[in-house]
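Trainee: My questions concern the predicted model and sequence given below.
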Amino acid sequence: MRAAVFASLLVGAAAFAPAQDAARASTALNADLSKEIGAMPPLGFYDPLDLTCGGDKDIFDNLRAVELTHGRVAMMAFTGYITTKAGVRLPGYEDVPAGLAALKEMPANAWVWTFFTVACLQIMMRDATGESEFYGDFRNGFDFGWDKQTDEWKREKRTIEINNGRAAQMGILGLMVHESMGNLNLIVPFN
């Protein structure tokens, strides 16, 4: 048992060790991704599995779009989890428990409405006009004050959204793990 714990600590520590400088072929596809939004101290641009294939900007942009989408969903999931754990329910769903137990107890009409809502969001939440500045810009010709702001302000707000999404992904994962372990009430004291 001690050897297993020691081995897991060693592997975990190796994940944070500085990477060795490997000689990479310079191609036109390689980009300086260390200046992208979300590449922040202390790690900067961190791609230990080389998912961007040496800095391919198209692959990076696709991964960033996935990260942004998952972050937004995780923010909603975390908020919904905490809200239902606090006892707030929609009318008609007062008997549905909070957390993962809701997946087993939700009535069929709730599943229909869930899939309908997700489908509508997937259809409507997109760049319908082709005027977006970046992936995730779903203003579709409406300006809510974004265009009046400086580039530095926009970059800061986009960085905040990415970091909040990253935190929410870890948060919802932590809530699900602790609920599965049976000790959720120790960290979320609602009854």
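Mentor: On my side now, so go ahead.
Trainee: What backbone torsions are found at residue 45?
Mentor: Torsion angles at residue 45 (phi, psi; degrees, to the nearest 10) stand at phi -80, psi 120.
Trainee: which residues touch it?
Mentor: Residues near residue 45 by Cβ atoms under 8 Å, 6 or more residues apart in numbering: 33-34, 36, 39. (C-beta placed from N, C-alpha, C; glycine too.)
Trainee: One more: residue 84?
Mentor: So residue 84 contacts 98-99, 102 (Cβ under 8 Å, 6+ apart).
Trainee: what's the closest non-adjacent residue to residue 114?
Mentor: residue 106 (7.9 Å; Cβ to Cβ, 6 or more residues apart in numbering).
Trainee: show me where this protein has strands.
Mentor: Read by DSSP state E, the chain holds no strands at all.
Trainee: quick one: low-confidence parts of it?
Mentor: For the chain, the stretches with pLDDT under 70 are 1-30, 191.
Trainee: okay, which residue is most central for it?
Mentor: Relative to the mean C-alpha position of the chain, the nearest C-alpha, by Cα atoms, centre = their mean, is the one of residue 71, at 2.2 Å.
Trainee: How about it: what's its closest non-neighbour residue?
Mentor: residue 165 (1.7 Å).
Trainee: you'd agree that neighbour is up against residue 74?
Mentor: Yes: the criterion here is Cβ atoms under 8 Å, and residue 165 meets it with residue 74 at 6.1 Å.
Trainee: so how far is residue 98 from residue 80?
Mentor: Here residue 80 is placed at a distance of 9 Å from residue 98 (Cβ to Cβ, to the nearest Å).
Trainee: Compare the two (neighbour count), which wins?
Mentor: residue 98 (20 against 14; other Cβ atoms under 10 Å).
Trainee: wait, doesn't the more buried one sit right on residue 82?
Mentor: No: in this structure residue 98 lies outside contact range of residue 82 using Cβ under 8 Å: 9.1 Å.
Trainee: residues contacting residue 146?
Mentor: Per Cβ under 8 Å, 6+ apart, neighbours of residue 146: 139, 154.
Trainee: Could you give me the buried positions within stretch 132-151?
Mentor: residue 136 (16 or more other Cβ atoms under 10 Å).
Trainee: Do me a favour and get the end-to-end distance for it?
Mentor: Taking Cα to Cα, to the nearest Å, the first and last residues of stretch 132-151 lie 15 Å apart.
Trainee: do stretch 101-114 as well
Mentor: First residue to last in stretch 101-114 (Cα to Cα) measures 16 Å.
Trainee: distance of the residue lying closest to residue 176 once chain neighbours are set aside from residue 181?
Mentor: Using Cβ to Cβ, 6+ apart and skipping the chain neighbours, the partner closest in space to residue 176 is residue 100 (6.4 Å). Counting by Cβ to Cβ, the gap from residue 100 to residue 181 is 12 Å.
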